[in-house]
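A.B. asks: Below: sequence and its predicted model.
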Amino acid sequence: MQRWWHYLTPGPAQLATGLACLGVGMQRGRLPVVGPRILDRWVAVVVTAGRGWYAAPDGARRPVAAPAVVWLRPGVPHHYAPDDADGWSEAFVDFTGPGLAGYTELGLLPDEEVVPLLDADRAQRVIARIAGACRRGGPLVDTEAAAAVHELLLELHRQRADLDPRGGTVLEALRRDAFLPHSVAEHARRAGLSVAGLRRAVRAVGETGPKEYLLAVRLSEAKLLLAAGELPVAAVARRVGYEDPAYFTRLFTRRVGVAPSVFREREQRGDGPPRASAEALPATD
């Protein structure tokens, strides 16, 4: 049996950023049974080799087969262990912070306790970077570890094997048709899905839902048009799918914090929207 772990104690400033890493570890072999116990933090246990079981709060045992991630939630009893003669290999990260409510809303912290993965190599490399930062230490170790936890949550979501594979295609279609005056129901019909099916497909790729995603795409384009030229607000509204400029202005002001005309004055760039490819831009050091 091989075991290594390290704990961090982030200060108030790091916790105020919304995300903090509390610990990292790597283990393999015939590991002891964990729990039953309750923690006050989130833990992602990434199983990279072997198999075992996880006992849910209702007592039902669920199989765990690598590659997979076992999500341990704060305040929820958990109980798990490898069951192979040779044990299993795992890498884990403990984390907390007020920003986790947003990660949950985005679907990056799932409801399921055991999630199968397509591949665990990238997640394992991210955890290895956290471990490396902890070994080096230094004044920015908490920030470096927290940044890597953010990346880990994204990577574990990308590698989920249980999500609707149409999510990426559906999101591409929504982005392409975002400026058409369609309802969410019409977007769903064009995708050959029910509204509920469209919502599941969008959430599968880490978005809160189709309505919120369409709104974000429209407002981002509206900002670009406002900053780049002298189009009247009404024309910008129509370009991004809103026939009623007054409604667009209210919506923009509520979400952005300033009226479209104020945003344009503040962000004015002129000369039309920037459409050059990255290759055409001057190189920077």
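C.D. replies: It's in. Numbers count the residues shown, from 1 in each chain.

A.B. asks: Please count neighbours and contacts with C-alpha atoms only from this point.
C.D. replies: OK.

A.B. asks: Pull the contacting residues for residue 191.
C.D. replies: Residue 191 sits next to 170, 173, 198 when contact means CA atoms under 8 Å, 6 or more residues apart in numbering.

A.B. asks: That one and residue 79, how far apart?
C.D. replies: Residue 191 sits 41 Å away from residue 79, going by CA to CA, to the nearest Å.

A.B. asks: Likewise for residue 173?
C.D. replies: In terms of CA to CA, residue 173 sits 42 Å off from residue 79.

A.B. asks: and what of residue 128?
C.D. replies: 25 Å.

A.B. asks: repeat for residue 47
C.D. replies: Counting by CA to CA, the gap from residue 47 to residue 79 is 15 Å.

A.B. asks: Counting neighbours, go ahead and name the busier of those two.
C.D. replies: Remark: of residue 47 and residue 79, residue 47 carries more neighbours, 28 against 18, as counted by other CA atoms under 10 Å.

A.B. asks: Beta-bridge partners for that one, please?
C.D. replies: Following DSSP bridges, residue 47 is listed with bridge partners residue 68, residue 90.

A.B. asks: Return the residues in contact with it.
C.D. replies: 65-70, 88-91, 120.

A.B. asks: One more pass at 6 Å, please.
C.D. replies: Contacts for residue 47 were tallied using CA atoms under 6 Å, 6 or more residues apart in numbering; they are 66-69, 89-90.

A.B. asks: circling back: which among the contacts of residue 191 gets closest to residue 107?
C.D. replies: Closest approach between these and residue 107, by CA to CA: residue 198, at 14.8 Å.

A.B. asks: Please identify the helix or strand for the closest one.
C.D. replies: Using DSSP states H and E, residue 198 falls within helix 195-203.

A.B. asks: Break down the stretch 151-285 of the chain into its helices, ranges please.
C.D. replies: Assigned by DSSP state H, counting those that start in this stretch, the helices in the stretch 151-285 of the chain fall at 167-176, 184-190, 195-203, 210-228, 233-239, 245-256, 260-267.

A.B. asks: can you redo those as JSON lines with mean pLDDT and mean neighbour count?
C.D. replies: Shown next, in JSON lines, are the helices of the stretch 151-285 of the chain (pLDDT from 0 to 100; neighbours: other CA atoms under 10 Å):
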{"stretch": "helix 167-176", "mean pLDDT": "81", "mean neighbour count": "17"}
{"stretch": "helix 184-190", "mean pLDDT": "88", "mean neighbour count": "17"}
{"stretch": "helix 195-203", "mean pLDDT": "83", "mean neighbour count": "20"}
{"stretch": "helix 210-228", "mean pLDDT": "92", "mean neighbour count": "19"}
{"stretch": "helix 233-239", "mean pLDDT": "94", "mean neighbour count": "19"}
{"stretch": "helix 245-256", "mean pLDDT": "95", "mean neighbour count": "15"}
{"stretch": "helix 260-267", "mean pLDDT": "91", "mean neighbour count": "16"}
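
A.B. asks: Noted, bye for now.
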